[in-house]
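# Requesting a structural model of the entry that follows:
(one chain, ligands or ions: 1)
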Amino acid sequence: MGRYVQIINGPNLQLLGRREPAIYGTATLDDIIGSVRERFGSIEIRHMQSNCEGAIIDTLHGCGFDSDCMGVVLNAGAYTHTSLAIADAIAAIERPVVEVHLSNIFAREEIRHRSLIAANCAGSISGFGAESYALAVQALIDYGR
Ligand code: DQA
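A predicted model of the protein is given here:
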């Protein structure tokens, strides 16, 4: 089996394209994942989206001890700001996680300035729209070298 990157998208992100486009842009989640796959042709990109905290945690556990997994690109959506359970899952696993946001969370409401997951991640990318995902995959490739 080849090496792969696991992308995880959390709550409400399946609505990209029609969800608050002034903040999140007009690209759909399929557009974003498709363009990442095109860009990193030689690397398998696995993707899951869920609105459920537990499903996100199960996916982190599933790939987080797999030596074929280069790392995880995680947009935890609003769970970023609330979920100690996802923060704990990131701390528990062995593979690196890059936190991603389409919007610049530090330029938004104060409640979004706090990330419960950031300290347990290898790093964070926030504010580059759909491009944030490709930057995160590139970061994982470089980080793993
Ligand atoms: C988000 C930012 C979060 O604050 C928000 O709850 C989201 C999307 C982003 O990608 O900009 O759902 O993670």
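# Any idea what the most centrally placed residue in the chain is bridged to?
In the chain, the residue lying closest to the centroid (CA atoms, centre = their mean) is residue 74, at 1.8 Å. Under DSSP bridges, the beta-bridge partners of residue 74 are residue 8, residue 99.
# you'd agree it is up against residue 121?
Yes - contact criterion CB atoms under 8 Å: residue 74 and residue 121 qualify, at 7.5 Å. Backbone N, C-alpha and C define where each C-beta goes, glycine included.
# residues near residue 29, how many?
Per other CB atoms under 10 Å, the neighbour tally for residue 29 reads 20.
# Numbering from 40 from now on, please.
Let's use 40 as the start, then, which means that last one is residue 68.
# so what's it closest to, chain neighbours aside?
residue 55 (4.8 Å; CB to CB, 6 or more residues apart in numbering).
# before we move on, the earlier item: any shared contact partners between residue 113 and residue 160?
The contact sets of residue 113 and residue 160 overlap at 129, 136-138 (CB atoms under 8 Å, 6 or more residues apart in numbering).
# how many neighbours does residue 152 have?
Residue 152: 11 surrounding residues under other CB under 10 Å.
# gap between it and residue 129?
Distance from residue 152 to residue 129, counting by CB to CB, to the nearest Å: 19 Å.
# Are we agreed that residue 110 is in a strand?
Yes - per DSSP: H, G, I helix; E, B strand; the rest coil, residue 110 lies within a strand segment.
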